[in-house]
Each structure stands twice: as structure tokens, then as C-alpha cells.
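> Give me a model of this one.
(one chain, ligands or ions: 2)
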Amino acid sequence: MNNSTRKIIIAIDGFSSCGKSTMAKDLARAIGYIYIDSGAMYRAVTLYCIKNGLFTNGEINIPELELRIKDIHISFKLDEKTNLPQTYLNGENVEEEIRTMEVSSKVSRVSAIDFVREALVNQQQEMGKEKGIVMDGRDIGTTVFPESELKIFVTASPEIRALRRYDEMVAKGMEVKFEEILKNVKDRDYQDQNREVSPLKRAADAILLDNSLLTVDEQKDWLLQQFEKATQTSN
Ligand SMILES: Nc1ncnc2c1ncn2[C@@H]1O[C@H](COP(=O)(O)OP(=O)(O)OP(=O)(O)O)[C@@H](O)[C@H]1O
Ligand SMILES: Nc1ccn([C@@H]2O[C@H](COP(=O)(O)O)[C@@H](O)[C@H]2O)c(=O)n1
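Ligands and ions are numbered 1, 2, ... in the order given. Below you'll find the model as predicted:
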């Protein structure tokens with residue numbers, strides 16, 4: 001059986017802003033797979049909480065969120081012009097809003113809540129039922145798809161990750177401070193690694209990639225090679 005007939009699941013986990021979604025998107029496009037940004041789903045729930053007054057003095061109203069979680073519907077559609085995936089929250093395109101510093105500073109608290117994770121993990125597993133999917137996040141190789149055929153764990157130094165994010169936001173015309181982004185990157189790494197439910201960690205069988213010194217094209221080629229190897233060995 002060749003690559004085009006036997007589809008697999010590719011799980012890409014790692015630290016914040018290290019390039020997971022860039023790699024995952026590039027690979028999915030190259031091999032004709034579906035790409036799912038699981039972080040966007042946690043960001044969308046966080047945006048819902050912000051917009052619906054579920055944060056008071058930085059604290060989440062957990063009982064209220066538990067009542068409402070069934071009414072939070074997240075989906076993805078490809079933008080017809082750019083061909084890039086857009087995140088929808090209850091039918092509204094929130095792709096830009098979920099990338100603000102306000103959402104980034106609150107998302108790790110929302111993603112640590114057990115019933116939020118349960119709801120989103122169920123949806124993610126449903127999305128991968130037919131395989132042929134590249135999903136990136138924090139717990140894809142450990143919890144969402146522990147049996148996935150190819151697992152990658154990506155890292156880079158916090159300073160390099162913060163600089164990449166800073167450059168991206170400045171290019172979009174956003175007013176941001178490098179120090180604030182660096183602090184957010186470090187805070188989220190800490191919270192994501194130390195939460196009780198599905199903490200960020202490398203699955204024992206995940207391939208480690210430190211892309212600090214790699215270009216986008218180099219990491220894309222590296223990932224394509226891993227995909228070729230994985231499909232050869234699992235055929
Ligand atoms: N190898 C690389 N060299 C330089 N810049 C990169 C590289 N890989 C990704 N980037 C850039 O770094 C920024 C962060 O990348 P990306 O959004 O893919 O990270 P991520 O791990 O998915 O982040 P998050 O965890 O916040 O979702 C983007 O601006 C992206 O274009
Ligand atoms: N599988 C995942 C994915 C993400 N999270 C949480 O969401 C935050 C935002 O994710 P990004 O990938 O957009 O940076 C992240 O910091 C985690 O708190 C998660 O828990 N599990």
C-alpha cells in the first residue's frame with residue numbers, strides 16, 4: 001500500500017510559539033491531509049469566557065462555564081482566498097480575536113479545567129476517526145491520539161520563540177512588547193507542563209525536534225522525511 005491510500009495520524013506537540021502550526025499546516029498541505037489546530041479550540045473557549053463575562057478579576061466562573069460548555073461550538077473552515085484555516089466560535093469567524101495577548105494570557109487557565117479538556121478531546125478524537133489528519137497541540141501524542149503513527153515534539157529556546165511571535169504580531173500591525181510576549185511564552189510553558197490533567201510532555205515514542213536554528217523550509221523538509229519514514233514502516 002502506498003502513502004496515498006493508507007492514511008495515518010500525525011501528532012505534533014510542543015512548547016508555545018515554537019512553530020508547531022507552521023509545520024503542521026505545511027505538511028498537511030503537502031500530503032493532502034486535514035490540519036487541526038487544537039490550541040485554537042482552547043483559545044476559542046477562552047474568548048467565549050471573556051465575551052460572556054465569565055472572568056471576574058482574572059478568576060473564571062467554573063460552575064457557569066460547566067453549564068455552558070455544551071453550547072460552545074467550535075469549527076474550522078478554509079478561507080477561500082488564502083486557503084488558510086479559520087476558527088469559528090458558534091458560527092462566527094474568530095481567527096484574529098483568539099490570537100490577542102488577552103486570550104494568550106488567560107488560555108492556560110481555561111485549558112487546565114477537566115471538563116473543558118474532556119469536551120475538546122472528544123471533538124478532536126472524532127475529527128481524527130477517518131485518519132489523514134495532522135493535529136498540533138500539547139497532548140495530541142499523549143492523550144488525544146496515543147496510538148498515532150507519527151509523533152513529533154517540538155521545542156526552541158523561549159527567546160527565539162518569543163522573537164518569532166513578536167515579529168509576526170508587529171508585521172500584522174499589532175502593538176506588542178517583546179518582554180510581554182517572552183513572559184507569556186514562559187508562563188504558558190510552566191502552566192501547561194504543571195497542570196493536573198494531560199500536562200504538556202513528550203510522549204515516550206515522540207521524535208524530538210529543536211528547530212531553534214532551522215528555517216521554515218528546513219523544518220518542512222525534515223517533517224516530510226519523517227512522514228515518508230513513518231508511512232514506509234507502518235505499511
Ligand atoms: N523555523 C522557524 N524559523 C523562524 N520562524 C518560524 C519558524 N517556524 C515558525 N516560525 C514563525 O514563528 C511564529 C510561531 O509559529 P507557530 O504559530 O507555527 O507556532 P506554534 O507552535 O503553533 O504556536 P502556538 O503554540 O502559540 O500555537 C510564526 O510567526 C511562524 O511564522
Ligand atoms: N492540545 C492542546 C492545545 C493547546 N492547549 C492550551 O491552549 C493554549 C494555546 O495553544 P496554542 O497552541 O495556540 O499556543 C496553550 O498554551 C495550552 O494552554 C492545550 O492545553 N492542549
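
> Quick one, grab the pLDDT at Thr233.
On pLDDT, Thr233 comes in at 74.

> how distant is whichever helix or strand it is part of from the center of its chain?
Counting by DSSP states H and E, the element that carries Thr233 is helix 216-234. Chain-centre distance of helix 216-234: 19 Å, with Cα atoms, centre = their mean, to the nearest Å.

> For that helix, list the C-alpha coordinates in PDB.
What follows is helix 216-234, C-alpha atoms only, in PDB (Å, rounded to 0.1, in the frame of the first residue of the first chain):
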ATOM      1  CA  VAL A 216      10.700  27.200   7.900                       C
ATOM      2  CA  ASP A 217      11.700  25.400   4.700                       C
ATOM      3  CA  GLU A 218      14.300  23.200   6.500                       C
ATOM      4  CA  GLN A 219      11.800  22.100   9.200                       C
ATOM      5  CA  LYS A 220       9.200  21.400   6.500                       C
ATOM      6  CA  ASP A 221      11.700  19.100   4.600                       C
ATOM      7  CA  TRP A 222      12.600  17.400   7.900                       C
ATOM      8  CA  LEU A 223       9.000  16.700   8.700                       C
ATOM      9  CA  LEU A 224       8.200  15.400   5.200                       C
ATOM     10  CA  GLN A 225      11.100  12.900   5.600                       C
ATOM     11  CA  GLN A 226       9.600  11.800   9.000                       C
ATOM     12  CA  PHE A 227       6.300  11.300   7.300                       C
ATOM     13  CA  GLU A 228       7.900   9.200   4.500                       C
ATOM     14  CA  LYS A 229       9.700   7.000   7.000                       C
ATOM     15  CA  ALA A 230       6.500   6.600   9.100                       C
ATOM     16  CA  THR A 231       4.400   5.600   6.200                       C
ATOM     17  CA  GLN A 232       7.000   3.200   4.900                       C
ATOM     18  CA  THR A 233       7.400   1.400   8.200                       C
ATOM     19  CA  SER A 234       3.700   1.300   9.000                       C
END
